[in-house]
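[1] sequence unavailable; structure follows:
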């Protein structure tokens, strides 16, 4: 039986999508591909496939040894331009770190990205599209699912919210790129709506916009509640007590929060950016600016048919990114990796019999 070693240090930073994506992918593969592969996690062992979920330097040092036994697979969760809007580093350290990120990706035999948009972005760094495979994120329906409408009132009381007000939820790290400034401006204009932000400064004081955002968190508008970092096992409650999932980010790959919201069937409102086009299709509502967002939220509040249709779009998105669909993609990908490994080993055997 072929072996796969899943390597990740994503749990060192709580509240980030990389950790959720890792957990979901590993659980999916363990459930659906265990008859074909022996799946290990963070084992000090060389396997047929060494799957790196994070780019730790220790992993980089292990690559020459990993390639002796099998093939290396790297997960692309970010690029320098996305990090630019997430963390603030001194210029010298930033240049070295960004160089390292690309060097790590270039060292992989294969790369997997959760958004096909990043294939061409990787190509701009000299990484051939032939080594990059698109496989979307996945969220388990056992963790995220619709709760009875009757429970919404009790859940709002649990989190100290008005049980009658229209409720907008945003889930994400506290960073400028997440659109938090627009989020606050919209809340100030829609005073009869309550806004919730779940998430914190995942990277502490080096988070982009830390000082400005910290002032907002310490003194938010009366209709805005920052609930901090919520355990993932409790997030289903937060989605279900909300009327809309609103993520005004300027830069994303494929947020796990969108898939989690889809599972719960609540409307999704996002900024109209190119990166969503090939993964979310028509499963969401979109706006370009504050005025657009206010108009859409206002209509969702007052137009029941519009709200129902938006909920149905979200559920269609959930159906599209089904467990069966994503599991099949991983099965085909790992099969390709192991077959390529077998072909190259056979070639090596063929030429090893030659003696000059």
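    Received it, and whenever you're ready, just let me know what you need. Since this is a predicted model, take the numbers as computed values, not measurements.
[2] residue 5 falls within a strand, correct?
    Yes: assessed with DSSP: H, G, I helix; E, B strand; the rest coil, residue 5 lies in a strand.
[3] tell me how far the closest residue in space to it that isn't next to it in sequence lies from residue 159.
    Excluding its sequence neighbours, the residue lying closest to residue 5 (Cβ to Cβ, 6 or more residues apart in numbering) is residue 47, at 4.1 Å. (C-beta placed from N, C-alpha, C; glycine too.) Separation of residue 47 from residue 159 (Cβ to Cβ, to the nearest Å) stands at 43 Å.
[4] re earlier: residues in contact with the residue nearest to residue 5?
    Shown in contact with residue 47 (Cβ atoms under 8 Å, 6 or more residues apart in numbering): 3, 4, 5, 40, 69, 70.
[5] report how many residues lie close to the first one.
    Pointing back at residue 3 there. Other residues near residue 3 come to 17 when the count uses other Cβ atoms under 10 Å.
[6] per-residue confidence for it?
    pLDDT, residue 3: 96.
[7] contacts only, for it.
    37, 38, 40, 45, 47, 48, 49.
[8] buried set for stretch 33-47?
    Within stretch 33-47, the residues that qualify as buried by neighbour count (16 or more other Cβ atoms under 10 Å) are 33, 37, 39, 47.
[9] do stretch 188-195 as well
    Buried, per 16+ other Cβ under 10 Å, within stretch 188-195: 190, 193, 194, 195.
[10] check stretch 82-93 too.
    82, 83, 84, 85, 86, 87, 88, 89.
[11] quick one: which of these is nearest residue 214?
    Of all those, residue 88 has the smallest distance to residue 214: 13.2 Å, by Cβ to Cβ.
[12] any idea how far residue 204 is from the closest one?
    Residue 88 is 11 Å from residue 204, by Cβ to Cβ.
[13] can you check my assumption that residue 269 lies in a strand?
    Yes: under three-state DSSP, residue 269 falls within a strand.
[14] just give me the neighbour total for it.
    23.
[15] the one 4 residues further on too?
    The number of residues packed around residue 273, counting by other Cβ under 10 Å, is 14.
[16] same question, residue 57
    Residues near residue 57, counting by other Cβ under 10 Å: 9.
[17] look up the closest residue to it, ignoring the ones flanking it.
    That would be residue 100: by Cβ to Cβ, 6+ apart, it lies 7.7 Å from residue 57.
[18] list of residues touching stretch 214-231?
    Against stretch 214-231 from outside (Cβ under 8 Å, 6+ apart): 14-15, 159-161, 165, 174, 180, 184, 187-188, 190-201, 238.
[19] can you check stretch 291-302 too?
    Here stretch 291-302 has contacts from 166, 168, 182, 186, 189-190, 193, 243-244, 246, 248, 267, 269, 272, 285-287, 306-307, 310, using Cβ under 8 Å, 6+ apart.
[20] show me which of those residues are buried.
    Using 16+ other Cβ under 10 Å, the buried ones in the contacts of stretch 291-302 are 166, 168, 182, 186, 190, 193, 243-244, 246, 248, 267, 269, 285-287, 307, 310.
[21] so which of those residues belong to strands?
    Here DSSP state E is the test, and the buried ones among the contacts of stretch 291-302 give 168, 244, 246, 269, 285, 286, 287 as lying in strands.
[22] contacting residues around the last one?
    Neighbour list for residue 287: 269, 270, 271, 272, 293, 295, 296 [criterion: Cβ under 8 Å, 6+ apart].
[23] try it again at 10 Å.
    182, 186, 246, 248, 269-272, 293-297 (Cβ atoms under 10 Å, 6 or more residues apart in numbering).
[24] turn those into JSON lines, including distance to residue 107.
    Shown next, in JSON lines, are the contacts of residue 287 (distance: Cβ to Cβ, whole Å):
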{"residue": "182", "distance to residue 107": "38"}
{"residue": "186", "distance to residue 107": "43"}
{"residue": "246", "distance to residue 107": "38"}
{"residue": "248", "distance to residue 107": "35"}
{"residue": "269", "distance to residue 107": "39"}
{"residue": "270", "distance to residue 107": "34"}
{"residue": "271", "distance to residue 107": "34"}
{"residue": "272", "distance to residue 107": "36"}
{"residue": "293", "distance to residue 107": "41"}
{"residue": "294", "distance to residue 107": "47"}
{"residue": "295", "distance to residue 107": "48"}
{"residue": "296", "distance to residue 107": "44"}
{"residue": "297", "distance to residue 107": "45"}
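[25] wait, residue 22 touches residue 112, no?
    No: the criterion here is Cβ atoms under 10 Å, and residue 22 misses it with residue 112 at 12.0 Å.
[26] okay, these two: which has more neighbours?
    Each of residue 22 and residue 112 has its neighbours counted (other Cβ under 10 Å); residue 22 has more, 23 against 20.
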